[in-house]
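1. Need coordinates for the below:
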Amino acid sequence: MTYAIAQDIALLVRFAQENAMLGEGDDIVATNALLDLLQVAEPYDGELPAERADSPVGILERILDYAAGKGILPDNTTGYRDLFDARIMGLLMPRQSEVAREFWRTSQETSIEAATDRFYKMSIDSNYIRMERIKKNGYWLAATEYGDLEITINLSKPEKDPREIAAERSLPQSKYPKCLLCVENIGYAGRLNHPARQNHRIIPLTLQEKQWYFQYSPYVYYNEHCIILSAEHVPMRVSRSTFVRLLDFIGQFGHYFIGSNADLPIVGGSILNHDHFQGGRHVFPMEKAPVEQAYESAQFPGVRIGRVKWPMSVVRISASAKEELVELADQLLNRWRGYSDVAAGIYAESMKEGAAVPHNTITPIARRNAAGEYELDLVLRNNRTSEEHPMGIFHPHANLHHIKKENIGLIEVMGLAVLPGRLQKELQEIASILTGESGADGEWNKDEHPLYSHAQWIGELTAQYGSSVSVVEAEEIMKREVGLKFASVLSDAGVYKRSEEGAAAYDRFMEHMDFKRV
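-> Next comes the predicted model:
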């Protein structure tokens, strides 16, 4: 057994060397550190197989099995294995300062694209981005009246083992790091309720003359999914500075888009306590959506303004000069924050316990468009609730919660549905009802049945398609119908609906902005 583990240690070190994680002489240090960690007396002294691995995962899995068998792992669960493999890969990583220095050297001497390519590859090679798990996610395109929407079923986050859940209860409360985004996560050993980050590195950059950091998301819901985070642990706040920083980033990373979640509950993202943006190298469906109505502004003659054909309410502005875009976006944000339209159900604020509670905000996205201009998509948001819609009036309504009930954040706003892993099995079971393989007894319509949350939908699907379609057809039906459900989710989240009344209400806000239809 010792001989086999020594060989795997050598294979892992070779992988790190060949993928530029270890420099000259670093292999000796890394080998000794791994021998110590895994309680192995001597390194492998034989000839290694000629075949090279594309990923460290296979080697890591064998090493983790060895560690579990030797009692080095506290328990052989996914959580403990994840903590330990990050520790292993951390011993093969270059120092934080070396990664940052190499990134900016590559950017200056070659290109920013080459720098991000190299950094992204390292984030995968180090297993910080667990690409082997991410590949398991379901993904497809669904045709709608707004173009092809992207659908993904998130299968990359493993469910916690009951033993881990029990162990978490006994863990002491920790305030370090303050959140999952804080810079102090670099090299952090982790714990059962906080991921290990020994194999994590970030890139310092300056936005609006302040320190920010660039990193990749470990979950990469799309190509080169990155996070740009403030050096300070301060709450999300959409403001004039947001637009300056977004366009500043685009000026440095012209091949990426960047966007911010809204800064209010219900319409915001999952992390509101640390100011950050998300970006990447991906063209989302919303970016492809055309402008269906143009407007003009006497104050900003150099800015093109338009209403986007999209289920949510989007104002697209573009110009060659960043300064004009910032000024217009800031004006629109401030006027929207104070704007009410009773006929459209939009109230800027409400009173709670004698204090005004704001409701209006914006989800902004920045990019370079095909003409090389700076472009901002400003998505109008409102987080009011009601007795009928306690989770949000402009939030997926209850009839859609069987598909999506979580907040509609930046990624969904742009047309990529991130759906829960439970749906993979449930959609397969509904497809089997459409083929007649199951469901004839109608058990799915009873409240104790696992598919009961879909009962109304199943009834609609069987009424439309019957229960004798082919397996291939059933699969295509489910993909198409989930796409239509997601379009409805986005429509619910839109403050102005896709109707004559909605278009008229949108125009009223444009008039409030002193914009004229073209």
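
2. okay, and for the stretch 1-150 of the chain, where does confidence drop off?
-> 1-3 (pLDDT under 70).

3. Do a quick rundown of the strands in it.
-> Using DSSP state E, counting those that start in this stretch, the strands of the stretch 1-150 of the chain run over residues 138-144, 147-153.

4. Show me what residue 516 is bridged to.
-> residue 296 (DSSP bridges).

5. State the number of residues packed around it.
-> Residue 516 has 14 neighbours, counted by other Cβ atoms under 10 Å. Bear in mind the C-beta positions are built from the backbone N, C-alpha and C, glycine included.

6. where are the low-confidence patches of this structure?
-> Short version for the chain, where the test is pLDDT under 70: 1-3, 158-171.

7. Give me the longest helix you can find in it.
-> Of all the segments of type helix in the chain, defined by DSSP state H, the longest one is helix 471-493.

8. Contacts for it, please.
-> If you take Cβ atoms under 8 Å, 6 or more residues apart in numbering as the criterion, helix 471-493 is touched by 140-146, 149, 151, 267, 310-312, 381, 394-397, 400, 403-404, 408, 412-413, 415, 417, 419, 423, 427, 430-432, 434-435, 457, 461, 465, 469, 497-498.

9. still on that earlier bit, which of the strands of the stretch 1-150 of the chain sits most buried?
-> Using mean count of other Cβ atoms under 10 Å, the stretch among the strands of the stretch 1-150 of the chain with the greatest mean number of neighbours is strand 147-153 (a mean of 20).

10. Give me the most central residue, this structure.
-> Centroid check for the chain by Cα atoms, centre = their mean gives residue 221 as the closest residue, at 5.2 Å.

11. PyMOL command to pick out the buried ones of the contacts of helix 471-493?
-> To isolate the buried ones among the contacts of helix 471-493 in PyMOL, judged by 16 or more other Cβ atoms under 10 Å, type:
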select buried, resi 140+142+144+146+149+151+267+310+311+312+381+394+395+396+397+400+403+404+408+412+413+415+417+419+423+427+430+431+434+435+457+461+465+469+497+498
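
12. Which members of the contacts of helix 471-493 are positioned in strands?
-> Among those, the members falling in strands (DSSP state E) are 140, 141, 142, 143, 144, 149, 151, 381, 417, 419.

13. Please identify which pair of the residues you listed lies farthest apart.
-> 140 and 381 (27.3 Å; Cβ to Cβ).

14. rewinding a little: can I get the longest helix of the chain in PDB, CA atoms only?
-> Only the C-alpha atoms of helix 471-493 are listed here, as PDB (Å, rounded to 0.1, in the frame of the first residue of the first chain):
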ATOM      1  CA  VAL A 471     -39.200   8.500 -24.900                       C
ATOM      2  CA  VAL A 472     -37.200  10.900 -27.100                       C
ATOM      3  CA  GLU A 473     -40.300  13.100 -27.700                       C
ATOM      4  CA  ALA A 474     -41.100  13.100 -23.900                       C
ATOM      5  CA  GLU A 475     -37.600  14.300 -23.100                       C
ATOM      6  CA  GLU A 476     -37.900  17.100 -25.700                       C
ATOM      7  CA  ILE A 477     -41.300  18.100 -24.300                       C
ATOM      8  CA  MET A 478     -39.900  18.400 -20.800                       C
ATOM      9  CA  LYS A 479     -37.000  20.600 -21.900                       C
ATOM     10  CA  ARG A 480     -39.200  22.800 -23.900                       C
ATOM     11  CA  GLU A 481     -41.800  23.100 -21.200                       C
ATOM     12  CA  VAL A 482     -39.200  23.900 -18.500                       C
ATOM     13  CA  GLY A 483     -38.000  26.700 -20.800                       C
ATOM     14  CA  LEU A 484     -41.500  28.100 -21.000                       C
ATOM     15  CA  LYS A 485     -41.800  27.900 -17.300                       C
ATOM     16  CA  PHE A 486     -38.600  29.900 -16.900                       C
ATOM     17  CA  ALA A 487     -39.900  32.500 -19.300                       C
ATOM     18  CA  SER A 488     -42.900  32.800 -17.000                       C
ATOM     19  CA  VAL A 489     -40.600  33.100 -14.000                       C
ATOM     20  CA  LEU A 490     -38.800  36.100 -15.700                       C
ATOM     21  CA  SER A 491     -42.200  37.600 -16.600                       C
ATOM     22  CA  ASP A 492     -43.300  37.500 -13.000                       C
ATOM     23  CA  ALA A 493     -40.100  39.300 -12.000                       C
END
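
15. following that helix, which helix or strand comes up?
-> Toward the C-terminus, helix 471-493 is succeeded by helix 500-512 as the next helix or strand (DSSP states H and E).

16. quick one: the strands in the stretch 201-350 of the chain?
-> Going by DSSP E, counting those that start in this stretch, the stretch 201-350 of the chain shows strands at 203-207, 210-216, 226-230, 257-259, 276-280, 291-297, 304-308, 314-319, 349-352.

17. Give me the nearest residue to residue 350, chain neighbours excluded.
-> residue 357 (5.3 Å; Cβ to Cβ, 6 or more residues apart in numbering).

18. what number of residues lie near that neighbour?
-> 12.

19. Make 19 the starting number, not 1.
-> Yep, numbering from 19; the last one is residue 375 now.

20. so when I look at it, I'm seeing a helix, right?
-> No: using DSSP: H, G, I helix; E, B strand; the rest coil, the assignment for residue 375 is strand, not a helix.

21. how far away is it from residue 286?
-> Residue 375 sits 14 Å away from residue 286, going by Cβ to Cβ, to the nearest Å.

22. and if you look at residue 398?
-> Taken as Cβ to Cβ, the span from residue 398 to residue 286 is 14 Å.

23. again, but for residue 252
-> 15 Å.

24. likewise residue 386?
-> 26 Å.

25. and those two? which has more neighbours close in?
-> Legend: neighbour count by other Cβ under 10 Å for residue 386 and residue 286, higher for residue 286 (22 against 18).
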